[in-house]
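Q: build me a structure from this.
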Amino acid sequence: MRCRHKALAVFPLGVLLLCVSALAADTAPDADELDVYRVLFSNANRETIAIVKPDPNANPYGAPVTVAQGKEYVEFLKKELKGVEDATVDDFLPKWTHVPMLTPQSKVGVKLVILEQKEVNQIKSENTHSKEDWHIAEMRVEQAFQKRFSVDGLTSISCIGFNADRTQALVYMGTNGVGEGIVYLLERTGYKWVVKSDAQIWAAD
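A: Presented below is the predicted three-dimensional model:
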């Protein structure tokens, strides 16, 4: 796995098959948030997306963990995401480590499969062997998820950061099947959200 920016490589950015954040959001997504997720999932071109419920003991993959790293991330996002507002970045950073309360009933334009962490761990345990190459093991695990849930990898998704008038949004999404984690900048004109640019945080080798 490689990082786009050297400042982002100072801590592990996640075991690809366990792309989860640390905390669950306190409330279900509101209408604006559902609209943003709908656009994001639509651009992913997948009919079904599997999201793992948050593990409170897991490291928040992709997100800054110290004040210094937070400053580096702010600089990186502002450089990569032209036109992003300070208020949007400030609102997003603390939400990067939170998973939205999405459910299979959430109206986001795709079928959602919400998995328990223990279920993911069980599937991994059943499909890996200690002495084999990790690339082979990862491929076998991905095939197991595809067979059971008809999904191309597991997805991690963050809560959304907005500017003051909610015309701009930042959200993180990472998928081991695609092999990358990206922060997306979206802007709203009228009632329509559009992805304006993105910043790749990590990528599989």
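Q: for this structure, what helix or strand is lowest in average pLDDT?
A: strand 2-3 (a mean of 46; mean pLDDT, DSSP states H and E).
Q: K124: how many residues sit nearby?
A: K124: 18 surrounding residues under other C-beta atoms under 10 Å. The C-beta positions use only the backbone N, C-alpha and C, and glycine is treated the same way.
Q: quick check: the nearest residue to it once chain neighbours are set aside vs V120, distance?
A: Closest residue to K124 apart from its sequence neighbours, by C-beta to C-beta, 6 or more residues apart in numbering: V141 at 5.5 Å. As judged by C-beta to C-beta, to the nearest Å, V141 and V120 stand 9 Å apart.
Q: before we move on, what about G109?
A: Separation of G109 from V120 (C-beta to C-beta): 24 Å.
Q: of those two, who's got more company?
A: V120 (20 against 17).
Q: CA atoms only for the stretch of helix or strand the residue nearest to K124 belongs to - export them in CSV, please.
A: Using DSSP states H and E, the element containing V141 is helix 134-149. The C-alpha coordinates for helix 134-149 follow below in CSV (Å, rounded to 0.1, in the frame of the first residue of the first chain):
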residue,chain,number,x,y,z
TRP,A,134,-0.7,-12.3,1.9
HIS,A,135,-1.7,-11.4,-1.7
ILE,A,136,-3.1,-14.9,-2.2
ALA,A,137,-4.9,-14.8,1.2
GLU,A,138,-6.4,-11.4,0.4
MET,A,139,-7.7,-12.6,-2.9
ARG,A,140,-9.3,-15.6,-1.3
VAL,A,141,-11.0,-13.5,1.3
GLU,A,142,-12.3,-11.0,-1.3
GLN,A,143,-13.7,-14.0,-3.2
ALA,A,144,-15.5,-15.2,-0.1
PHE,A,145,-17.2,-11.8,0.4
GLN,A,146,-18.1,-11.7,-3.3
LYS,A,147,-19.7,-15.2,-3.0
ARG,A,148,-21.6,-14.5,0.2
PHE,A,149,-22.7,-10.9,-0.3
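Q: now do the very next helix or strand once past it: which elements does it pack against?
A: As assigned by DSSP H and E, the chain's next helix or strand after helix 134-149 is strand 154-157. Here strand 154-157 touches strand 48-52, strand 168-175, going by 3 or more C-beta pairs under 8 Å, 6 or more residues apart in numbering; DSSP states H and E.
Q: any idea which of the ones you listed is most buried?
A: Burial of the helices and strands packed on strand 154-157 is given as mean neighbour count (mean count of other C-beta atoms under 10 Å); strand 168-175 ranks first at a mean of 25.
Q: quick one: E142 and K71, what's the gap?
A: E142 sits 36 Å away from K71 when distances are taken as C-beta to C-beta.
Q: what segments of this protein are helices?
A: For the chain, the helices defined by DSSP state H occupy 31-43, 67-80, 86-92, 117-126, 134-149.
Q: E142 and K71: who's more crowded?
A: E142 (19 against 12).
Q: I'd assumed T175 was in contact with the more buried one.
A: No - at 10.8 Å, E142 does not count as touching T175 under the criterion of C-beta atoms under 8 Å.
Q: overlap in contacts of those two?
A: Among the neighbours of E142, those also in contact with T175 (C-beta atoms under 8 Å, 6 or more residues apart in numbering) are D152, G153.
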